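J.: Next one to model:
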Amino acid sequence: MNPDPSIREEAIRWAARVSDPEFGDWDDFTAWLEGDPAHAEAYDTVQFALDEAASLLEAAPGVPDVASAPANDNPPPPLAGRRWAWIGTAIAASLVLVATFLLWPGARGEADYATAPGETRLIALSDGSTITLGGGSRIAIAGEGKRKARLEAGQALFTIRHDARDPFVLAVGSETLVDAGTVFDVRMNADGLDLAVSEGAVVVNPAAQALRVDAGRKAVLAAGSYTVMPVDPDEVGEWSRGRITFRDAGPAEVAAELSRATGIAFEAGSAGSAVRLSGSIALDQVRADPRSLEPILGMKVRRDGGVWVISAQ
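T.: Next comes the predicted model:
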């Protein structure tokens, strides 16, 4: 059950108050919990997300080694003189993270970007982060700090300047992806999404399964569940450099990806739908001659009006 937004807001406020060492209003807090079963459920959800957010913050070392820190990390703030100062900061940052996870702000204040098939677009954010939007894609970027975005269609490559106190949060359908010092690629498809990480890590759905995907790994969402597998970091986002690599892909997937990346209409023929294809394809070569795919894929590529059909030999 997904709690009502107003109840979630109340739960976050109670979590903030209860985390204060001087909190003493336990009678009112108990009365609020017992007043409606939805209150306790919402509070449990917030507490789970708070624990996950705190784990992310605590995973960062107290005194970072600047020489070994990822290049996209912010310089660390001065270390607090007392442990209680760090705990207070962690609680505050965790609550901000929880609010971000649970209360996506909606359409107000968003900047929308879109590309046509075959087009890419580089979006520079104010903190030095960049988003490369693939062909036939749409994204909405929210907030004055540009640290929240929603991928609505297609594919994008994210090069994010990490900030543990203000993490970059990406919504993809009903999924939430949170940056942990990262270069990562996200592609939406009919079954779900593909997430591939080349630097740092991404935490998937921190308020639910809290799946961490590290560099050199990819997570594929299909039929409601994730499968994690290795990926060559050099292949992550390679479409932005003019190349696509397929591994064990169906002709329909290959046709859809090539159509979006090149702006040329491809489709899979009715025969050979069970065939699995692998190969590395230079997009400029395909744009110049779609038939150049034949030796790479071991398939026949023929023109049918304004569409190129990929089919078995």
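J.: mind pulling up the phi and psi values for D191?
T.: phi -90, psi -20 (degrees, to the nearest 10).
J.: I meant to write R161 there.
T.: According to degrees, to the nearest 10, R161 has phi -80, psi 120.
J.: I figured it hits D127, correct?
T.: Yes - assessed by Cβ atoms under 8 Å, R161 is found in contact with D127 at 5.0 Å. C-beta: built from backbone N, CA, C; applies to glycine.
J.: Of the two, give the one with the bigger neighbour count.
T.: Legend: neighbour count by other Cβ atoms under 10 Å for R161 and D127, higher for R161 (19 against 16).
J.: confidence score at the more buried one?
T.: pLDDT, R161: 90.
J.: show me where the stretch 51-200 of the chain has strands.
T.: 110-114, 121-124, 130-133, 138-142, 148-153, 155-159, 169-172, 175-179, 183-188, 192-199 (DSSP state E, counting those that start in this stretch).
J.: which one of those is the most hemmed in?
T.: Each of the strands of the stretch 51-200 of the chain was scored by mean neighbour count; the highest is strand 155-159, a mean of 25, by mean count of other Cβ atoms under 10 Å.
J.: in the protein, what spans have low per-residue confidence?
T.: Within the chain, the stretches with pLDDT under 70 are 1-6, 9, 48-109, 143-145, 271-273, 313.
J.: domains for it, by residue range?
T.: Domain ranges of the chain: 5-102, 110-235, 242-311, per automatic domain parsing.
J.: if you compare these, which one is most tucked away?
T.: domain 110-235 (a mean of 18).
J.: Identify the residues contacting the spatially most central residue of the chain.
T.: Computing the C-alpha centroid of the chain and ranking residues by Cα atoms, centre = their mean puts L177 first, at 3.9 Å. Contacts for L177 (Cβ atoms under 8 Å, 6 or more residues apart in numbering) come out as V169, L170, A171, F184, V186, L195, V202, V203, V204.
J.: Same list (the residues you listed) but as CSV, adding distance to R241.
T.: Converted to CSV, the contacts of L177 look like this (distance: Cβ to Cβ, whole Å):
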residue, distance to R241
V169, 26
L170, 21
A171, 26
F184, 16
V186, 17
L195, 19
V202, 21
V203, 27
V204, 25
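J.: From the residues you listed, pick the one nearest G269.
T.: Nearest to G269 out of these is V186 (Cβ to Cβ; 29.2 Å).
J.: excluding its backbone neighbours, what's nearest the closest one?
T.: L195 (5.4 Å; Cβ to Cβ, 6 or more residues apart in numbering).
J.: what are the bridge partners for the residue nearest to the centre of the chain, then?
T.: Beta bridges link L177 to L170, V204, judged by DSSP bridges.
J.: State the distance from it to A201.
T.: Computed as Cβ to Cβ, to the nearest Å, the L177 to A201 distance reads 11 Å.
J.: and what of V213?
T.: V213 is 6 Å from A201, by Cβ to Cβ.
J.: Same question for E267.
T.: Distance from E267 to A201, by Cβ to Cβ: 37 Å.
J.: Then A255?
T.: 32 Å.
J.: tell me the contacts of the closest residue to E152 other than its chain neighbours?
T.: Sequence neighbours aside, R138 is the residue nearest to E152 in space, at 4.2 Å (criterion: Cβ to Cβ, 6+ apart). Contact partners of R138, counting by Cβ under 8 Å, 6+ apart, are D112, Y113, A114, T115, L151, E152, A153, G154.
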